[in-house]
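J.: Everything below, folded, please.
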Amino acid sequence: MIGHRRFALSVLAAMLGVSACAGNDPAPSPAPDLRPVIDDAPYWCEFISQESFRRVTGDTRAYTDRKAGPWKNDGGCLIEGGDKGDPVGVWWSRIDNSAERLELSHENWDETKPTPLPPDLGEGFAAYAGNDMLGGRPYFVISRFSCGGEKPWIGIDLKRVAKGRDAIKDLTDLMRVAQKRYGDLHRCTPSPT
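T.: Numbers count the residues shown, from 1 in each chain. Model (predicted):
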């Protein structure tokens, strides 16, 4: 009888020890993908490389894009399909007054202390709002540039950037790809304003 009791107690102690050890070891989180933003098909919203989106956000779920507007001249597009809102919005125009659009964006984002874009991307900035701006997409980049005698603008906003990545650099690199894509689609060469 005492042997059975000791055996039962030792089994119970072993089980408790195993579960205690298992409870103390948190599951390792996957390492962030720190590879750079690339210009590689396929694209969402014509301007966002799906592979770069996955690298920047760490989000590998399936999405679709939904475009609005005449698209030849201007439009908006949301990447949608997740259960937690739309992770990316892309807005652009070649017919709006791009100087006014940039000024309005500054009014909305200047309190976040935006980072100016490099001169080769024209006029614009990248910013992180740190709150629930733009429908839960607090990462934002906008650029006004020249292409084929026109002065279009492109704006991109993201829901998240993966931990360990440089959000401002990623936004800047996403804009670089978007401008190149704009040039490919409109048969012009993007340049500063």
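
J.: mind checking how far stretch 171-180 is from the chain centre?
T.: 12 Å (Cα atoms, centre = their mean, to the nearest Å).

J.: again with stretch 71-84
T.: Worked out by Cα atoms, centre = their mean, stretch 71-84 lies 13 Å from the chain centre.

J.: Convert the C-alpha atoms of that stretch to PDB, please.
T.: The C-alpha coordinates for stretch 71-84 follow below in PDB (Å, rounded to 0.1, in the frame of the first residue of the first chain):
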ATOM      1  CA  TRP A  71      -7.900  54.300 -61.800                       C
ATOM      2  CA  LYS A  72      -6.500  55.700 -65.100                       C
ATOM      3  CA  ASN A  73      -6.300  59.100 -63.600                       C
ATOM      4  CA  ASP A  74      -6.700  58.600 -59.800                       C
ATOM      5  CA  GLY A  75      -8.100  56.200 -57.300                       C
ATOM      6  CA  GLY A  76      -8.000  54.500 -54.000                       C
ATOM      7  CA  CYS A  77      -7.400  50.900 -53.200                       C
ATOM      8  CA  LEU A  78      -7.700  48.800 -50.000                       C
ATOM      9  CA  ILE A  79      -6.100  45.400 -49.400                       C
ATOM     10  CA  GLU A  80      -8.800  43.600 -47.600                       C
ATOM     11  CA  GLY A  81      -9.900  40.200 -46.400                       C
ATOM     12  CA  GLY A  82      -8.500  39.900 -42.900                       C
ATOM     13  CA  ASP A  83     -10.600  39.700 -39.800                       C
ATOM     14  CA  LYS A  84      -8.900  42.700 -38.200                       C
END
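
J.: And it, what's buried?
T.: For stretch 71-84, the neighbour count (16 or more other Cβ atoms under 10 Å) marks 74-79 as buried. C-betas here are computed from N, CA, C, even on glycine.

J.: Can you tell me what sits against it?
T.: 44-46, 48, 53, 59, 61-69, 86-96, 159 (Cβ atoms under 8 Å, 6 or more residues apart in numbering).

J.: What of stretch 142-152?
T.: By Cβ under 8 Å, 6+ apart, stretch 142-152 touches 92-94, 98-99, 101-102, 105, 117, 121-125, 153-156, 175, 178-179, 182-183, 186-193.

J.: so for it, what's the average pLDDT?
T.: For stretch 142-152, mean pLDDT is 96.

J.: which parts of that stretch are buried?
T.: 142-147, 151-152.

J.: Nearest to residue 37 among these?
T.: residue 143 (14.7 Å; Cβ to Cβ).

J.: where does the closest one land in three-state SS?
T.: strand (DSSP: H, G, I helix; E, B strand; the rest coil).
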